[in-house]
Structures are given as structure tokens and as C-alpha cells.
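Colleague: sequence? don't have it. structure:
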DNA sequence: TTGTATGCAAACATTTTGCAGCGTG
DNA sequence: CACGCTGCAAAATGTTTGCATACAA
């Protein structure tokens, strides 16, 4: 049994966490890397990847698959919420979802799965992109 | 203006389509490749990727991001439906989801997005995996 | 016959891993 | 001062592209 936690707070980790908390636009790992670089120019990509994985593991960030062709995105908002994604510009905004617990329970009974959660993303076009083509 | 459709039915394409239609387990591109190979041993991976993209484009298959770390999966069942994914074995089963049109409309009004659809995947553990650990 | 489709291999993009040295606790 | 963390570069994935040839229509 390991008693030591061993998790250290380094400037790099703080910078990644800060960058993520300051973002509301669900950046990809590459985007987080770019943002962190403006503060920690010497940081390596591997460190960003490792730190993001750590944060997800620790429950301090969410890893999102928004279903567009993109890579995984990261979100410092760990409260239960869903997303509406613009199919044109890729912008994703947070939304609260009206999925009844009753429906989930019924699904669990029908499938035999022990359901622990769900991911829901809506897609369409954002106001800006809609206006641009109208 | 192009009048010619230009889409040819080759043995390879038929094999990919057949393999997909015979699958109910949402295979990844690599899995489709393996299955098709048993029928068309000489087929190349690129052909499978190209054909799958074609099918998706033509609306004959769906490309799914099930949110687990996996690659995209493909589904010949193009009717609207959602999935329950086992976090342990990765198995994904189809389910019908009761997401009210009213809720979608209200979301559209709140966000200003023109919502055209949504992807919903539940996650948990399948009966088998639950039994295995109980 | 004509132009599309194929297979191969190289090119790519993204993420992970190995390792020597650095720095936090 | 020990052990975890870092940056670099190489490796491992997964997918796409270029091209000469094969073949459906």
C-alpha cells in the first residue's frame, strides 16, 4: 500500500489548470498547449497531455467527445451539463439538460445495464453561423 | 454541372456494406477491415476507410463517437437511436430515447442555435461485466 | 474505352513513452 | 536528498493521400 500521495504542484501544472479554468470554450489538448505556452514558453506538449490526463483522473476536469471530427476537448466545469455544438464553427456552449431520472431508470431496467451516467450533445448551427448564410 | 453519378459497385464496396449490415455491435474501422478481410483477403485498409466515409456521406451508415477512448464506430442502422455503452467491455447496445421535442425546442430558443439533432450515449456496466465482479 | 476504384506505401496528425536531468517537498 | 516532474525526441497509433494499375459501366 502506497501511503504517499506524491502529487506535486509545479508551475507547469498550475499553468495548465489556470488556462483550463480561464477557458469556457472547451479547448482541445493542442489549444490548451498553445494557451499555456504564452505563460510557460518552455513547456512541452507531453507535460500538457500528462497534466490533462491527471486532472481528468482526479475529477478536476472533464474530457469531452463532442462528436465532431475533432480531438477530445477539456472542460474545467465538472458539474453535470451537456453541450450544443455548432456544426460549422465548432463552437460548443454549455446547457442544462432535461433528461428525467425516471427515463434513465426505465432504460436501466430494459437493458440490464447499471447506468452510471450519460453524455448528450446537441448539434446545429449557432446564431452567428446562421446569420452568415441566411 | 456533373450529370454522372460515378458511384460504382465493386466487390470491395459490397463486402464492406455487407459486413456492416451483418454487424449489430458497432465496429470500428479496424474491425470492419478485419471482417471484410475474411471475405476479400486482398482488400486494403485505405479502401475500407474510403468506403466507410462514402457510406456515411451517402447516409447509408452512421459514424458514432461513443465517448469511450475508442476510435469512431460505424452503424448500418441509420434510424434515430441512441446507445448504452459498457465502460468495462465497450459493448454498445441500441436504445430508443425519450427526449421530448418540446425540450429540444426550448433549448433552441434559449441558446439561439438552430438545433438539427443530438447524440446521446449512456454509460454504465453491462449485465455480464456486472456479474463478473459482483 | 473512360474514368473511377484499388492496393501499396509514404505522409500525416495526434498522443504516448523512454530517459537523463531538474526541482519540489 | 529522494522521488516525482519536465523537456526532448523517438515511438506508437490511427487515418489520409499520391500514384500506377485494375476494372466497372
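Modeller: Yep, that arrived. Keep in mind it's a predicted model, so treat the numbers as computed, not measured.

Colleague: point out the residues in chain A that sit beside DNA strand C.
Modeller: A:8-11, A:28-30, A:45-46, A:49-50, A:53, A:71-72 (CB under 7 Å from any atom of the strand). (Each C-beta comes from the backbone N, C-alpha and C, glycine too.)

Colleague: out of those, which end up buried?
Modeller: Neighbour counting by 16 or more other CB atoms under 10 Å in any protein chain shown classes A:28, A:29, A:72 among the residues of chain A next to DNA strand C as buried.

Colleague: make CSV out of these and add secondary structure.
Modeller: CSV is the format used below for those (DSSP: H, G, I helix; E, B strand; the rest coil):
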residue, secondary structure
A:28, strand
A:29, helix
A:72, coil
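
Colleague: and which of those residues is nearest residue B:114?
Modeller: residue A:28 (24.5 Å; CB to CB).

Colleague: what sits against the nearest residue to that closest one once chain neighbours are set aside?
Modeller: Distances taken as CB to CB, 6 or more residues apart in numbering or on different chains put residue A:71 closest to residue A:28, at 4.8 Å, once the chain neighbours are dropped. By CB atoms under 8 Å, 6 or more residues apart in numbering or on different chains, the residues touching residue A:71 are A:28, A:29, A:30.

Colleague: again, but for residue A:27
Modeller: Contacts of residue A:27 by CB under 8 Å, 6+ apart are A:19, A:20, A:35, A:73, A:74.

Colleague: ok so, going back, pipe the buried ones among the residues of chain A next to DNA strand C into CSV and attach pLDDT and distance to DNA strand D per row.
Modeller: Below are these laid out as CSV (pLDDT from 0 to 100; distance: CB to the nearest atom of the strand, whole Å):
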residue, pLDDT, distance to DNA strand D
A:28, 97, 15
A:29, 98, 13
A:72, 96, 13
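
Colleague: and chain A, which residues reach chain B?
Modeller: Residues of chain A lying close to chain B (CB under 8 Å from any CB of the partner chain) are A:65-67, A:84, A:86-87, A:93, A:95, A:97-99, A:103-104, A:107-108, A:110-127, A:130.

Colleague: PyMOL command for the buried members of the residues you listed?
Modeller: The buried subset of those, as determined by 16+ other CB under 10 Å, is captured in PyMOL by this line:
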select buried, chain A and resi 65+66+67+84+86+87+93+95+97+99+104+107+108+111+113+115+118+119+120+121+122+123+124+125+126
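
Colleague: need the longest helix for chain A.
Modeller: Among all segments of chain A classified by DSSP state H, the helix with the greatest residue count is helix A:45-57.

Colleague: how far does that one sit from its chain's centre?
Modeller: Remark: helix A:45-57 is offset 13 Å from the chain centroid, using CA atoms, centre = their mean, to the nearest Å.

Colleague: that helix close to DNA strand D?
Modeller: Yes - shown here: helix A:45-57 in contact with DNA strand D (CB under 7 Å from any atom of the strand) through A:45, A:46, A:47, A:50, A:51.

Colleague: can you give me the domain assignment for chain A?
Modeller: A:1-77, A:79-134 (automatic domain parsing).

Colleague: residue A:77 touches residue A:60, doesn't it?
Modeller: No - in this structure residue A:77 lies outside contact range of residue A:60 using CB atoms under 8 Å: 10.7 Å.
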